[in-house]
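Peer 1: Any chance you could fold what I've pasted below:
(2 chains)
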Amino acid sequence: MSYEPTIVAFLCNWCSYTGADLAGTSRMKYASNVRIIRVMCSGRVDPTFVLSAFKEGADGVLICGCHPGDCHYHEGNYKCLRRYHLLQKYFQQMGLDKDRLRLEWISASEGRQFAELVDSYTETVKNLGPCKMKQVIETLT
Amino acid sequence: MEEEKRIGVYVCWCGTNIAKMVDVVDVAKEIGKLPNVVIAKDYKYMCSDPGQELIIKDIKEHNLDRVVVSACSPRIHELTFRKALQNAGLNPYMFEMANIREQVSWVHTDRGEATRKAKSLVAAAVNRITWHESLDKRTVDINPATMIIGGGIAGISAALEIGNSGRKIFLIEKENKLGGHLAGVDLTFPYMYSADQILKPLIKQVTNNPNIEVFLNTQIDEVFGYVGNFETKITPGDGKEVELKFGNVIVASGLKPYDPGGIENYGYGKLPNVITSLEFEQMLKKGKIVTKEGAEPKNVAIIHCVGSRNKDYHEYCSRICCMTALKFSNQLRSALPDTNIFECYADIRSFGKGCEEFYAQTSRKDIMFLMFDQKNDLPRIRKAETMDECDMLIEFNELLSGEDIEVPADMVVLMVALEAQENARDIAHAVGVSMCGNEFYIERHPKLDPVATTTDGVYVVGGCQSPKDIPDSISQARAAAARILATINIGQVEVEVTTAVVNEDICCGCQTCVNVCPYTAISFDEEKGVSVVNEVLCKGCGTCGSTCPTGAIRSRHFTDKQILSQIEGLMSTSIELQEV
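Peer 2: Reported below is the predicted structural model:
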C-alpha cells in the first residue's frame, strides 16, 4: 500500500474554520488526509499540541489563522506566528524537517485557497515520507 | 478511580448529504465499541425535531451524561443541540460535534476514505468529551441604548424603528448631514418615487425624535466592551469629546461608487462628456441635462457594469445599476424626446418586485439596447471627427448581431460599480466584524442569519454588507432593530463562559499571560503573587493558555486535556484503520 500521510490541522474558529466550511458548502474537493481541530484562535495553538500530534503519529501539522490585521482577537495570529518560527528552529534541532509544520492565513471567504492548501501541503508531506517520531518514542520507551 | 462516563453518539445522515459519501451505519457501529460510549446511533436528520427528541429520550432512558453529534459544522447546529441537552436537564457544554458534512462528505470523493476520516473525527470527539465539564451560563444586563454607525437610509430606518419604541439611539454620521447616497438621488426605480419625498420626512422624524441623538462629522475609532455593555469615545465636529455607553451596535456605514478612471477604454477624466452615474443623477436632480459645452446631447449612451462583474475590477454584480440605468433612460426620454438613447449592456438583471415589468416598459420607449462582452471585450470610447456630427464614438462588437459597431454619443454615462467604503477596515476593527474578500462585512450566516455578525451585539445592515437597493436596505435595518428590541425587552443576555481561569496553586507569577492578553483582562495580584483573570473582559481566545509555562491557566472548554485527548483520538483510529 502506498504511503498516505496523516495531517493534523488546527484552524481558528472565526476565519479559517469558516473558510474550510465554505470549501464544503461550495463542494470543492480536496485530499482526505487532513484532520481538523477547531480552536477559538490560532493563538491558542500551544506548541505542546503540535508536538503531541507528531507523538501520536501525525506526518504533518497545519495551522491556519486569520490574515494579519484580521484576527478576531486583534493579535492572536501574531502570537501564533512567533511560536511558529520558534517551533521551526526547535524542529531542526530535533532532526525533524521544518516542512512538517506549516502556518498559513485563510480567511472566512477563502474556501478555494483552503482546498488548494490542503492539496499542496499533502503533496509536500507525501514527499517527505512518513514521520518516524511515534516509532522512535515507542522504541525508546 | 476515574468516574464512569456515559456518552451517547449520534451519526447524522443529513438525508443523502452525508450518507451518500460516508457509511454512517458503519461509523456508528465502530464508534459504539469505544470505551465510555453507551449508545451509538445513526439517524436521518439529527437536527429535526424527532432527531432532537431521540437525544432527549436517550439521555433520560440511558442516563447519558455527555452527547456527541456527528453531523454538519458546529457553526450551524452546535447551539441547536446544546439547547436539546439543556431541555433534557444536561449542561449544554457536555456536548461535542464532529463535522462530517462540510469537512468530510462534501469535500471528498472516495467513500472508503471519507468513512475512515469520519470515524477518526468522531473518535476524537468522543475522546475530547470525556474531559468536558459543566459550565454555568453567565448573564449580563443589557444597556438599552444602541449605537448606529452611518446615517444613510439603512441607519435612519433602524434608528426610527428603535427610537420610536422609546429606546435611546446614538446615530453617528461621518458627513455633515444625514441621508447618505439617497440624498443625491432624483427619482427611484421602478415606481419613479422622488427620493426627496421618501428621505426628507424620515430625516425630519429623526431630528424630532427625542430618543435619537445625532452626531454629525463624527468617526468611530475604537469600541470597547461586549454585548450589552459597549462603550466608545467620539469627538463630534465641535471638538468636545463625548463618552457613549450602549448595549448593541448596528453598522450601516454604506458603500461608495467605484472610480472608473482605472478603466482606460472609457477615458473617464480625459473625455469631458464621459460622466459617472452619480454625476448624471445630480444633473437630473438639477433638472438640466447638458454636455460640458452647455448643449443638449443629441445622443446619450449608457454603459453598464463599469467595474462590476469583471475579474480585473470587481467580480460581483453591484445589483442596482441595471435598474438605475433603465430609470435614466426613462427620465431622458421624458426630458429629451428626440435624443437617441443607447443602453450598452452586458446582461440586464431586473430582479425584484416590479423590475422586470419596468424593463419591459422601458424597452418600448424607443431606446436602443446593445450587448457587449463584459468579460473579454469592453467598449472603447474615442473622440469623434468633425464629420461624424457627434462628440464621441463608442466601438465594440455587438453580441446579438455579431457586428462591429460604432455608437455615436455626445454624453456617456458610466454605470459605476459600488464598492466597500474606504474606512471599511477601520470600522471592522473597531467593532470586531469580519470582512469578505471584497471588504463587505460578513454576516453570521449567509442564509439563516443575514443581519447578525459573529460578534454578539453587533449587526450589519445596508450597503456595507453588500450592494443593495432601498427596500432591501430598509428590510435589513428593521430586522436588526427588531432583533435588538427583543434583547432589550428581555433585559439580559447570555455571554460567553468559555473564559480563562488561573489555578493559583501552580501560577509562578511570571506574568507572561498579562503581556499577551489583547483585552487587558489579566492583572497581577501583588499580594498573592499570582495572575487574576477578569472574566467580564476575557473573550476566551486562549492565547494566555498556550503561553503559560506552568499550565496554570486553563482555557475553559478548550483545555489542554480536551485538545490533547482529541489529538490522541484523531490519530489512534487513523493509524489502526490504515493498518487494517
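
Peer 1: part of a strand, is B:Val214?
Peer 2: Yes. Assigned with DSSP: H, G, I helix; E, B strand; the rest coil, B:Val214 falls within a strand.

Peer 1: To what extent is it buried, counted in neighbours?
Peer 2: As a burial measure, the neighbour count of B:Val214 was computed by other CB atoms under 10 Å in any protein chain shown and equals 21. Placement of C-beta: from N, CA and C, glycine included.

Peer 1: mind listing what the nearest residue to it once chain neighbours are set aside touches?
Peer 2: The shortest distance from B:Val214 to any non-neighbouring residue, by CB to CB, 6 or more residues apart in numbering or on different chains, is to B:Leu171 (4.8 Å). By CB atoms under 8 Å, 6 or more residues apart in numbering or on different chains, the contact list for B:Leu171 reads B:Ile148, B:Gly151, B:Gly155, B:Ile156, B:Ala159, B:Leu178, B:Val206, B:Ile212, B:Glu213, B:Val214, B:Phe215.

Peer 1: and B:Leu171, bridged to which residues?
Peer 2: In this structure, B:Leu171 bridges to B:Ile148, B:Val214 when assessed by DSSP bridges.

Peer 1: Which pLDDT value goes with it?
Peer 2: Reading off the confidence values, B:Leu171 has pLDDT 98.

Peer 1: contacting residues for residue 11?
Peer 2: As the question left the chain open, I've gone with chain A. Taking CB under 8 Å, 6+ apart as the definition of contact, the neighbours of A:Leu11 are A:Tyr17, A:Gly19, A:Ala20, A:Ile36, A:Ile37, A:Arg38, A:Val39, A:Cys64, A:Ile106.

Peer 1: my bad, the chain I had in mind was chain B
Peer 2: With CB under 8 Å, 6+ apart as the criterion, the residues that contact B:Val11 are B:24, B:27-28, B:31, B:40-43, B:70-71, B:100, B:118, B:122.

Peer 1: Would you mind measuring from it to B:Leu121?
Peer 2: Here the distance between B:Val11 and B:Leu121 works out to 11 Å (CB to CB, to the nearest Å).

Peer 1: Are there residues contacting both of these two? Which ones?
Peer 2: B:Ser70, B:Ile100.

Peer 1: May I have the secondary structure class of B:Thr10?
Peer 2: Quick fix: residue B:10 is Tyr, not Thr. Going by three-state DSSP, the secondary structure assigned to B:Tyr10 is strand.

Peer 1: Chain neighbours aside, what residue packs nearest to it?
Peer 2: Leaving aside its chain neighbours, B:Tyr10 sits nearest to B:Val69 (4.9 Å; criterion: CB to CB, 6+ apart).

Peer 1: Unless I misread the structure, the one you found falls within a helix.
Peer 2: No. When three-state DSSP is applied, B:Val69 is found to be strand, with no helix at that position.

Peer 1: Please list all residues in contact with it.
Peer 2: Here B:Val69 is in contact with B:Val9, B:Tyr10, B:Cys12, B:Met46, B:Ile55, B:His77, B:Phe81, B:Phe95, B:Glu96, B:Met97, B:Ala98 (CB under 8 Å, 6+ apart).

Peer 1: Do you know the pLDDT at the fifth one?
Peer 2: Think B:Ile55. According to the predicted model, the pLDDT of B:Ile55 comes to 97.

Peer 1: just checking, it is part of a strand?
Peer 2: No. Checked against three-state DSSP, B:Ile55 lies outside a strand; its state is helix.

Peer 1: How about the contacts made by it?
Peer 2: Contacts were defined as CB under 8 Å, 6+ apart; by that measure B:Ile55 touches B:Gly8, B:Tyr10, B:Met46, B:Val67, B:Val69, B:Phe81, B:Ala84, B:Leu85, B:Ala88.

Peer 1: what do you get for the fourth one?
Peer 2: Residues counted as contacts of B:Met46 (CB under 8 Å, 6+ apart) are B:Tyr10, B:Cys12, B:Cys14, B:Gln52, B:Leu54, B:Ile55, B:Val69, B:Ala71, B:His77, B:Phe81.

Peer 1: one more time with 6 Å
Peer 2: Remark: with contacts taken as CB atoms under 6 Å, 6 or more residues apart in numbering or on different chains, B:Met46 is in contact with B:Tyr10, B:Cys12, B:Val69, B:Ala71.

Peer 1: Got phi/psi on the nearest residue to A:His67 once chain neighbours are set aside?
Peer 2: Leaving aside its sequence neighbours, A:His67 sits nearest to A:Trp105 (CB to CB, 6+ apart; 4.3 Å). Dihedral angles of A:Trp105 (phi, psi; degrees, to the nearest 10) stand at phi -100, psi 120.

Peer 1: how many other residues sit next to A:Trp105?
Peer 2: Counted by other CB under 10 Å, the residues lying close to A:Trp105 total 24.

Peer 1: related to what we said a few turns ago, nearest to chain A, of the contacts of B:Leu171?
Peer 2: Compare each of the contacts of B:Leu171 with chain A using CB to the nearest CB and the shortest gap goes to B:Ile148, at 22.5 Å.

Peer 1: Would you enumerate the residues in contact with residue 63?
Peer 2: In the absence of a named chain, this looks at chain A. Per CB under 6 Å, 6+ apart, neighbours of A:Ile63: A:Phe10, A:Ser42, A:Val45, A:Leu103.

Peer 1: um, chain B though
Peer 2: Residues in contact with B:Asn63, defined by CB under 6 Å, 6+ apart, are B:Arg6.

Peer 1: Mind putting the contacts of A:Leu11 into TSV with secondary structure and neighbour count?
Peer 2: TSV is the format used below for the contacts of A:Leu11 (DSSP: H, G, I helix; E, B strand; the rest coil; neighbours: other CB atoms under 10 Å in any protein chain shown):
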residue	secondary structure	neighbour count
A:Tyr17	helix	28
A:Gly19	helix	25
A:Ala20	helix	29
A:Ile36	strand	25
A:Ile37	strand	19
A:Arg38	strand	22
A:Val39	strand	27
A:Cys64	strand	29
A:Ile106	coil	25
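
Peer 1: about what we covered before: need the contacts of B:Val11 in CSV with distance to chain A, neighbour count and secondary structure, can you?
Peer 2: Formatted as CSV, those follow (distance: CB to the nearest CB, whole Å; neighbours: other CB atoms under 10 Å in any protein chain shown; DSSP: H, G, I helix; E, B strand; the rest coil):
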residue, distance to chain A, neighbour count, secondary structure
B:Val24, 16, 25, helix
B:Val27, 14, 25, helix
B:Ala28, 19, 21, helix
B:Ile31, 15, 26, helix
B:Ala40, 20, 22, strand
B:Lys41, 23, 18, strand
B:Asp42, 20, 22, strand
B:Tyr43, 21, 19, strand
B:Ser70, 13, 30, strand
B:Ala71, 12, 30, strand
B:Ile100, 10, 31, coil
B:Ala118, 10, 30, helix
B:Val122, 11, 29, helix
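
Peer 1: Out of the residues you listed, which comes closest to B:Cys355?
Peer 2: B:Ala71 (39.1 Å; CB to CB).

Peer 1: Excluding chain neighbours, give the residue nearest to the closest one in space.
Peer 2: Spatial nearest neighbour of B:Ala71, chain neighbours left out: B:Cys12 (3.6 Å); criterion: CB to CB, 6+ apart.

Peer 1: Check the one you found and give its pLDDT.
Peer 2: Reported pLDDT at B:Cys12 in the predicted model: 98.

Peer 1: Tell me what it is bridged to.
Peer 2: Taking DSSP bridges as the rule, B:Cys12 bridges to B:Tyr43.

Peer 1: and the gap between it and chain A?
Peer 2: 14 Å (CB to the nearest CB, to the nearest Å).

Peer 1: wait, doesn't that residue sit right on B:Cys72?
Peer 2: No. B:Cys12 lies out of contact with B:Cys72 (CB atoms under 6 Å); the separation is 7.4 Å.
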